[in-house]
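Peer 1: what would the 3D arrangement of this be:
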Amino acid sequence: MPSVLGLVEEREAGARREVERLRSEAARLAAALGEAEAEVSRLVIARETLRDVLRGESAGPGGAVAIGPAGAMADGGVRVAVPTREPGMGLDVLPPIYRELAQVLGASPEPLQAGELARLLGLEATVSVVEGVRAKAKRLVVRGWAVQADRGRFAWAVVRAAA
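Peer 2: Alright, predicted model coming up:
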């Protein structure tokens, strides 16, 4: 007849195997999630770019890219222009949300993910809000205001260039 201690040890060993299996599965899912988030981000940027191209919009003076038509759009968006960063430009040339995003990036000693940026901007970190923040951060990268430090992390280009 097995001892009570032996039975508990057997159950503990089984529980440890299950924990390891679940950890492995969680790591696999985290990697898959990262890839899926990156794909969504690429598609958001592609959709926005395609909308601009189909509307006939292009880079304007100073390399500013118009995002949507002037004023309120039918889908609720608003037109903003993000200028290409040139030496001596201050954050004051950026539209307000982009300026706030650049200030958050500049204040952080570490690169930030879109979800962290959304929270630091005081926004609710829902999927749509985070994807919007990610698209704005990527737009800042394209225009030279920020850098993509690594997969899904953004940093302020001005700070990183001086470091």
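Peer 1: and the helix ranked longest in the chain, what does it pack against?
Peer 2: Ranked by residue count, the top helix of the chain under DSSP state H comes out as helix 4-54. If you count contacts as 3 or more C-beta pairs under 8 Å, 6 or more residues apart in numbering; DSSP states H and E, helix 4-54 packs onto strand 65-72, helix 127-142. C-beta coordinates here come from the backbone N, C-alpha and C atoms, glycine included.
Peer 1: distance from the last one to the middle of the chain?
Peer 2: Put simply, helix 127-142 sits 5 Å off its chain's centre (C-alpha atoms, centre = their mean, to the nearest Å).
Peer 1: for the record, mean pLDDT for it?
Peer 2: Averaging pLDDT along helix 127-142 yields 90.
Peer 1: which residues sit against it?
Peer 2: 37, 40-41, 44-45, 48, 65, 67, 82, 97-98, 101-102, 105, 114-115, 117-118, 121, 123, 146-148, 152, 154, 157 (C-beta atoms under 8 Å, 6 or more residues apart in numbering).
Peer 1: make a ChimeraX selection of the buried ones in these.
Peer 2: Restricted to buried positions by 16 or more other C-beta atoms under 10 Å, the ChimeraX selection for these reads:
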select :37,41,44,48,65,67,82,98,101,102,105,114,115,117,118,121,146,147,148,152,154,157
